[in-house]
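Enquirer: Pasting the sequence and the predicted model now:
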Amino acid sequence: MNGRLAAFGAIVLALWPAVAAADLVYCATDDKWLKLSVETMLSDDKDKEPVRFRGAMLLKQAAMPGDHRAMRFNGSMMRRYWGEGDDVKLRLSSESRFGKPLLTLDIDLGNRQADIGRIRFSGSYSMVLDPQAKPQSGTDAALKGQLLCQVR
């Protein structure tokens, strides 16, 4: 029994740096276009895929159809993540229940290297609504704004 406990302890200690090197990052905005919040675990290595990604969005433009005015995000909607310089970027996309594309959301979590040791930092978002999904010509197809982020 003590041998199993020691082996388990060794495995936990071996994995500890990988767990300890990740930060839970929360970003949010509530601007004239949308209310958005996202949360994910980010590694100090910008090339590692974010884990435990989740979020929610409320699009404030009343002209948008209800099936994508309010949404919840999860990791299955993440289409791409990448490092650009020292920035960490995520791309999400969503489809209607009929399989038609609705929106693409890019999230820039800012310069992680410059923000090391900081609790709060800024990021940005850029959302493009599919032209086919726009119900009225007065509806904006591209939205951009700032995110306030913090390490939890």
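Expert: Sure thing, it's come through. On a predicted model such as this, the values are computed, not experimentally measured, just so you know. Numbering: from 1, shown residues only.

Enquirer: Check the burial of residue 129 by counting its neighbours.
Expert: 21 (other Cβ atoms under 10 Å). All C-beta atoms are positioned from the backbone trio N, CA, C, and that covers glycine.

Enquirer: Just the pLDDT for it.
Expert: Residue 129 carries a pLDDT value of 74.

Enquirer: does it have beta-bridge partners, and which?
Expert: Following DSSP bridges, residue 129 is listed with bridge partners residue 103.

Enquirer: what ranges of this structure fall below the confidence cut-off?
Expert: 1-22, 43-49, 62-68, 79-87, 96-101, 110-118, 130-140 (pLDDT under 70).

Enquirer: now do 90
Expert: 1-27, 32-34, 36, 38-152 (pLDDT under 90).

Enquirer: and residue 71, how many neighbours does it have?
Expert: There are 18 residues near residue 71, going by other Cβ under 10 Å.

Enquirer: so which helix or strand takes in the closest residue to it other than its chain neighbours?
Expert: Excluding the flanking residues, the one nearest residue 71 by Cβ to Cβ, 6 or more residues apart in numbering is residue 57, at 5.0 Å. Element membership of residue 57 [criterion: DSSP states H and E] is strand 51-59.
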